[in-house]
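Visitor: Give me coordinates for this.
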Amino acid sequence: MSALLASLHHLLLFTLIASLSVEYALLSTPLSLPRANALQRADLMYGLSALGALLVGFSRAGLYEKGMAYYSHSLPFWIKVGAFALAGLLSIRPTQVFLGWRSRTQQGEVPDLDEQQRLRLQRTVALELLLLMVMLVCAALMARGVGYLG
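Guide: Numbers count the residues shown, from 1 in each chain. So this is what the prediction gives:
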């Protein structure tokens, strides 16, 4: 069961990174209706994969791997949790924007997104990606016991 959960966790995290990378790429040029629709789909995949990764990750940490008694003494674990939480908080604004486009995109209209807003969204997504990279480094450190304080 542990190997199955680890595989699912990795698949969810790869999906999370891929969907966020798609968002970044789609925000690199001015908005069109197909891009707006794709951004909405990518953001949905991002949200679902993030939720899945969170649930599976805590299940692994608490039930199948070394246990929360171990991980609660791991500095990289807490940095990883903090990076994930911060990425989640940062994702709120882009998600609100993309959800706000629903009525326009369903009517076949291109949502309003000026250059300044587009760049702000792209920078936010870039910061989320950076935080996910921090998480990857922390995962490698955790797996090797680096930063264990117990």
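
Visitor: Relative to residue 124, how far out is residue 88?
Guide: 12 Å (Cβ to Cβ, to the nearest Å). Where you see a C-beta, it was placed from the backbone N, CA and C, and this is true even at glycine.

Visitor: Tell me which of these two has more neighbours.
Guide: Between residue 88 and residue 124, counted using other Cβ atoms under 10 Å, residue 124 has the larger neighbour count: 20 against 16.

Visitor: check contacts around the more buried one.
Guide: 90-91, 93-94 (Cβ atoms under 8 Å, 6 or more residues apart in numbering).

Visitor: got it, and residue 108?
Guide: Contacts of residue 108 by Cβ under 8 Å, 6+ apart are residue 33.

Visitor: Quick check, pLDDT for it.
Guide: pLDDT for residue 108: 98.

Visitor: secondary structure class for it?
Guide: coil (DSSP: H, G, I helix; E, B strand; the rest coil).

Visitor: What average pLDDT does the longest helix seen in the chain get?
Guide: Counting by DSSP state H, the longest helix found in the chain is helix 115-143. Mean per-residue pLDDT for helix 115-143: 97.

Visitor: Flag every buried residue along it.
Guide: 118, 121-122, 124-125, 128, 131-132, 134-135, 138-139, 141-142 (16 or more other Cβ atoms under 10 Å).

Visitor: what does stretch 20-32 give?
Guide: Under 16+ other Cβ under 10 Å, the buried positions of stretch 20-32 are 20, 22-24, 26-27, 31.

Visitor: Just these: which are in strands?
Guide: Here DSSP state E is the test, and those give no hits in strands at all.

Visitor: Including pLDDT, could these go into CSV?
Guide: Listed next are these as CSV, based on pLDDT from 0 to 100:
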residue, pLDDT
20, 98
22, 99
23, 99
24, 99
26, 98
27, 98
31, 96
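
Visitor: From residue 37, how far out is residue 109?
Guide: Residue 109 is 11 Å from residue 37, by Cβ to Cβ.
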